[in-house]
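Participant: Coordinates only, no sequence provided:
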DNA sequence: GTCTATAGGCTGATAGAC
DNA sequence: GTCTATCAGCCTATAGAC
């Protein structure tokens, strides 16, 4: 489930990861606190001391597992991206037509955003930062790797849209712009969505479905009689 | 066209603004360079020296017109927001039905994004930063003022959607989520859109129309035969 | 108006005790 | 493993020359 840790490079293996590949609890705690901080204050607005304070610790702890703030950010990003990938891939059923599959994918994307808002807010920030050149060559390498996964993710949507255009369930148009608009509508949740106290999973599912339906059928869709 | 300058508070009137209310050229230059820097590196990632370097000047020039980096950011934000407001209000014709008006508004919004990408990228960042508490009380006041304009902007869309639901041209649903999805799709352009060399206005108009049509009619809209 | 010089604060990262 | 102490660099903002 968890990917590699991009922290330490010295030593035989990256610290903070067991033989099984599962990260140790300390690392999960750090990632959770970092995700929260990055969501609330942004990458540049968050200091390592901020993350440490939320951990009830000092930065010594964090620097034992991560060589830099950037690598910590990248690990949160990677985890958020993985969760999105898993959720969206799980609902891709080859038997359905393009429109049906796309609806399910958008729904899964939106639901994952809501249930992992801190991690996904970091993913959205990371996509933003992509243009902002990462400083060191090492960081550039990691960011490139993350962006490759991002492109893979977007390609899933593009592929299904092309399939839908071929089977006639989706209308023709510039696939690239279609994908960006849909993902934009969902990614924007990172800005406005925060779970309300006592919010149920049913409520989240309903909202995810509403968002997906709107993207597939439009605001003037079935049920309206537009001129 | 230009709003007040949120920079200096000392002196009889804000510097950098003529009696007519038009900002002087120096201020426009500063705003343009600042908008570019903020777009490329973010608010926190941009130093005043960065803006000065782009101006071919030193920061003394900037601090003559603005008391702080935050106030500079706010002025760029205000200008971007004004341009959006003007463009969207201009296409709101009471005679049309809700769906038609909404289509025109989204189109105008998207086109304004493309033609003012640096300023609008700052607006998008500002909405993002809204949660991030501004530090000083003075900055909090300005940010609150900008967010009030933002809410007014979103209310324009919400009002037209309600109108469309009443006249039957738009289907029922949670208006708030509808608005956020639509604006998210368009705002996301701040992340991915950059003008290509030799891009014509016709090309921009076509793209704006495509985006608007997709939001109104959906991807499985007229022309597709979804199950 | 614009520049140079600099004060003062914050932060990323490291060294070394425990 | 985690902490304390600290350094070095950067950045905002100001003071004062021109």
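Facilitator: Thanks, I have it. As the structure is a prediction and not an experimental result, all values here were calculated from the model.
Participant: Identify each buried residue in stretch A:80-87, please.
Facilitator: A:80, A:81, A:82, A:83, A:84, A:85, A:87 (16 or more other Cβ atoms under 10 Å in any protein chain shown). Placement of C-beta: from N, CA and C, glycine included.
Participant: Please enumerate the helices of chain A.
Facilitator: A:25-41, A:48-55, A:59-65, A:69-90, A:98-115, A:117-129, A:137-167, A:175-187, A:189-192, A:201-217 (DSSP state H).
Participant: want to throw those into CSV with distance to residue B:177 and mean pLDDT?
Facilitator: Converted to CSV, those look like this (distance: least, Cβ to Cβ, whole Å; pLDDT from 0 to 100):
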stretch, distance to residue B:177, mean pLDDT
helix A:25-41, 20, 97
helix A:48-55, 30, 98
helix A:59-65, 37, 98
helix A:69-90, 20, 98
helix A:98-115, 10, 98
helix A:117-129, 15, 96
helix A:137-167, 20, 94
helix A:175-187, 10, 98
helix A:189-192, 9, 98
helix A:201-217, 6, 98
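Participant: could you pick out which of the buried residues of stretch A:80-87 are near DNA strand D?
Facilitator: Among the buried residues of stretch A:80-87, proximity to DNA strand D is found for none (Cβ under 7 Å from any atom of the strand).
Participant: Would you format the residues you listed as CSV with distance to DNA strand C included?
Facilitator: Formatted as CSV, the buried residues of stretch A:80-87 follow (distance: Cβ to the nearest atom of the strand, whole Å):
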residue, distance to DNA strand C
A:80, 20
A:81, 21
A:82, 23
A:83, 25
A:84, 26
A:85, 27
A:87, 31
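Participant: now those as a markdown table including distance to residue B:149?
Facilitator: Listed next are the buried residues of stretch A:80-87 as a markdown table, based on distance: Cβ to Cβ, whole Å:
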| residue | distance to residue B:149 |
| --- | --- |
| A:80 | 32 |
| A:81 | 34 |
| A:82 | 38 |
| A:83 | 35 |
| A:84 | 33 |
| A:85 | 38 |
| A:87 | 36 |
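Participant: Just the closest of those to residue A:162, please.
Facilitator: Nearest to residue A:162 out of those is residue A:85 (Cβ to Cβ; 19.4 Å).
Participant: near DNA strand C, which residues of chain A show up?
Facilitator: If contacts are counted using Cβ under 7 Å from any atom of the strand, the residues of chain A sitting beside DNA strand C are A:46, A:47, A:48, A:49, A:59, A:60, A:63, A:67, A:68, A:69, A:70.
Participant: Enumerate the residues of chain A near DNA strand D.
Facilitator: Counting by Cβ under 7 Å from any atom of the strand, chain A sits next to DNA strand D at A:15, A:26, A:52, A:56, A:57, A:58, A:59, A:60, A:61, A:63, A:64.
Participant: Throw together a PyMOL command that grabs the buried residues out of those residues.
Facilitator: Selection of buried members from these for PyMOL, criterion 16+ other Cβ under 10 Å:
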select buried, chain A and resi 15+26+52+59+61+63
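Participant: between the residues of chain A next to DNA strand D, which is nearest DNA strand C?
Facilitator: The shortest approach to DNA strand C among the residues of chain A next to DNA strand D belongs to residue A:63, at 3.7 Å (Cβ to the nearest atom of the strand).
Participant: I'd like the distance between the residue lying closest to that closest one once chain neighbours are set aside and residue A:33.
Facilitator: Leaving aside its chain neighbours, residue A:63 sits nearest to residue A:48 (7.5 Å; criterion: Cβ to Cβ, 6 or more residues apart in numbering or on different chains). Here the criterion is Cβ to Cβ, to the nearest Å. By it, residue A:48 lies 11 Å from residue A:33.
Participant: Between those two, point out the one with more neighbours.
Facilitator: A count of neighbours by other Cβ atoms under 10 Å in any protein chain shown puts residue A:33 above the other of residue A:48 and residue A:33, at 22 against 18.
Participant: Okay, the residue in chain A that DNA strand D sits nearest to and residue A:32: tell me how far apart.
Facilitator: Residue nearest to DNA strand D within chain A: residue A:60 (2.0 Å; Cβ to the nearest atom of the strand). To residue A:32, residue A:60 is 19 Å away according to Cβ to Cβ.
Participant: before we move on, what about residue A:145?
Facilitator: Going from residue A:145 to residue A:32 by Cβ to Cβ gives 22 Å.
Participant: any chance of the residues of chain A next to DNA strand C in JSON lines, with distance to residue A:104 too?
Facilitator: Converted to JSON lines, the residues of chain A next to DNA strand C look like this (distance: Cβ to Cβ, whole Å):
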{"residue": "A:46", "distance to residue A:104": "35"}
{"residue": "A:47", "distance to residue A:104": "41"}
{"residue": "A:48", "distance to residue A:104": "40"}
{"residue": "A:49", "distance to residue A:104": "43"}
{"residue": "A:59", "distance to residue A:104": "43"}
{"residue": "A:60", "distance to residue A:104": "46"}
{"residue": "A:63", "distance to residue A:104": "42"}
{"residue": "A:67", "distance to residue A:104": "40"}
{"residue": "A:68", "distance to residue A:104": "38"}
{"residue": "A:69", "distance to residue A:104": "37"}
{"residue": "A:70", "distance to residue A:104": "35"}
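Participant: So which of these is the closest to chain B?
Facilitator: residue A:46 (9.5 Å; Cβ to the nearest Cβ).
Participant: The nearest residue to residue A:105 once chain neighbours are set aside: what's it in contact with?
Facilitator: The spatial neighbour of residue A:105 that comes closest, neighbours along the chain excluded (Cβ to Cβ, 6+ apart), is residue A:88 at 5.1 Å. Contacts for residue A:88 were tallied using Cβ atoms under 8 Å, 6 or more residues apart in numbering or on different chains; they are A:105, A:108, A:109, A:112, A:153, A:156.
Participant: Let's have these in CSV, adding distance to residue B:164 and neighbour count.
Facilitator: As requested, the contacts of residue A:88 are exported to CSV (distance: Cβ to Cβ, whole Å; neighbours: other Cβ atoms under 10 Å in any protein chain shown):
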residue, distance to residue B:164, neighbour count
A:105, 27, 23
A:108, 29, 20
A:109, 26, 25
A:112, 30, 21
A:153, 33, 19
A:156, 32, 17
